[in-house]
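Participant: starting from these lines, generate the structure:
(one chain, ligands or ions: 1)
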Amino acid sequence: MKLLITIVQDADAPGLVRALSERGFQSTKLASTGGFLREGNTTLLVGVEDAQVEVVQEIIREKCRTRSRLITPGVPLAEAPDPFLAQPVEVRVGGAVVFVLDVDHFMKV
Ligand code: 2BA
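Facilitator: Next up is the predicted model:
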């Protein structure tokens, strides 16, 4: 069995959870925050049999889009050593970041 720790953008999470559920995959949704943008994102825990990992990854690919975010470095213009440092910078986020972990043991009581 594998555990897919899947970090997605909040906007993609409802559609992904629905699509997984429709295909019979259970998931647990956690509210999380990205360390770089410090914005909310969603972490899904999905436990699946080894043979199903590819299927789940394909659903994730279908449902999660890459988006661009513009961030402005937090240096006041007057204090910036170079005016270009204060220009907004484009950051591409997602579609999804997926960690696939081996599960030693799984039980439901
Ligand atoms: P954030 O940490 O908020 O990062 C958002 C996006 O900012 C990243 O998108 C990446 O394009 C960019 N970024 C991150 N760190 C950067 C840096 N030091 N310099 C320049 N650009 C940087 P994604 O790579 O798609 O990641 C989306 C979210 O997935 C991340 O949100 C974070 O919550 C999570 N994530 C990504 N890689 C991870 C990892 N190795 N371990 C744990 N979480 C990770």
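Participant: ok, now which ones touch the closest residue to the ligand within the chain?
Facilitator: Of all residues in the chain, G34 sits closest to the ligand, at 2.1 Å by Cβ to the nearest ligand atom. Placement of C-beta: from N, CA and C, glycine included. Neighbouring residues of G34 by Cβ atoms under 8 Å, 6 or more residues apart in numbering: 7, 41, 93.
Participant: of these, which ones also sit close to the ligand?
Facilitator: Filtering the contacts of G34 for proximity to the ligand by Cβ under 6 Å from any ligand atom leaves 7, 41, 93.
Participant: could these go into JSON lines alongside neighbour count and distance to D102?
Facilitator: Supplementary listing: those in JSON lines, determined by neighbours: other Cβ atoms under 10 Å; distance: Cβ to Cβ, whole Å:
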{"residue": "I7", "neighbour count": "18", "distance to D102": "19"}
{"residue": "N41", "neighbour count": "21", "distance to D102": "24"}
{"residue": "V93", "neighbour count": "19", "distance to D102": "28"}
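Participant: show me those that map onto strands.
Facilitator: 7, 41, 93 (DSSP state E).
Participant: surely the first one meets T42?
Facilitator: Yes. Contact status for I7 versus T42: in contact at 7.3 Å, counting by Cβ atoms under 8 Å.
Participant: where do the contact lists of these two overlap?
Facilitator: Shared contacts of I7 and T42, counting by Cβ under 8 Å, 6+ apart, come down to S32.
Participant: around the ligand, which positions in the chain sit nearby?
Facilitator: Checking the chain against the ligand by Cβ under 6 Å from any ligand atom, the hits are 7, 34-37, 41, 91-94, 97.
Participant: can you read off the pLDDT for the residue of the chain closest to the ligand?
Facilitator: Predicted confidence (pLDDT) for G34: 96.
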